[in-house]
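Novice: Provide a 3D model corresponding to the input given below.
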Amino acid sequence: MGVARNWRTRRQRYSLMGEICDECGKAIFPPRDVCPHCAEPAQTMQQMSGRGEVYSFTTMYDAPAGFESYLPYTVALVKLNEGPMLTAQLTDIESDDVKIGMPVEMVTRKLTEDGPEGVIVYGYKFRPVLTAAGLAA
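Specialist: Residues are numbered from 1 along each chain as shown. As a prediction, the model looks like this:
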């Protein structure tokens, strides 16, 4: 990811900033010029809760360039409590322990870096929601 794009998308990557459509009231992530539900302008910025559940998942064994050191890793389609679905890497859990419907929460983690002295890019990943006893819900 280039430096310009890194800065331009930091709010949605670091804090899950999305939008609420003024016309139909549905949550949108990532922000768009037009609501995908009703085709009207969607302009009210909304902080997403960062909580949701695993809708689907897969384990990656063959990674794209720059992500080889993380293999194997699990990528999930996460349905946020507000409604939007997004794709994200799961963290703090073994692949065999991931279940569809499992509650997850967003955390900010390192995604990649451009060499040993280059830009380090952070973004969202999701981890299991922990109970008061420290166990996954």
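Novice: Sticking with the most far-flung residue of the chain relative to its centre, tell me its helix or strand.
Specialist: Distance from the centre of the chain peaks at Glu117, with 25.9 Å (Cα atoms, centre = their mean). Taking DSSP states H and E as the definition, Glu117 sits outside all helices and strands.
Novice: list the contacts for Arg32?
Specialist: Residues in contact with Arg32, defined by Cβ atoms under 8 Å, 6 or more residues apart in numbering, are 19, 42. To be clear about C-beta, it is placed using only N, CA and C from the backbone, and glycine gets the same treatment.
Novice: if you set the cut-off to 7 Å instead, what comes out?
Specialist: Arg32 makes contacts with Ala42, as judged by Cβ atoms under 7 Å, 6 or more residues apart in numbering.
Novice: Helices of the chain, residue ranges please.
Specialist: Along the chain, counting by DSSP state H, helices occupy 3-8, 10-15.
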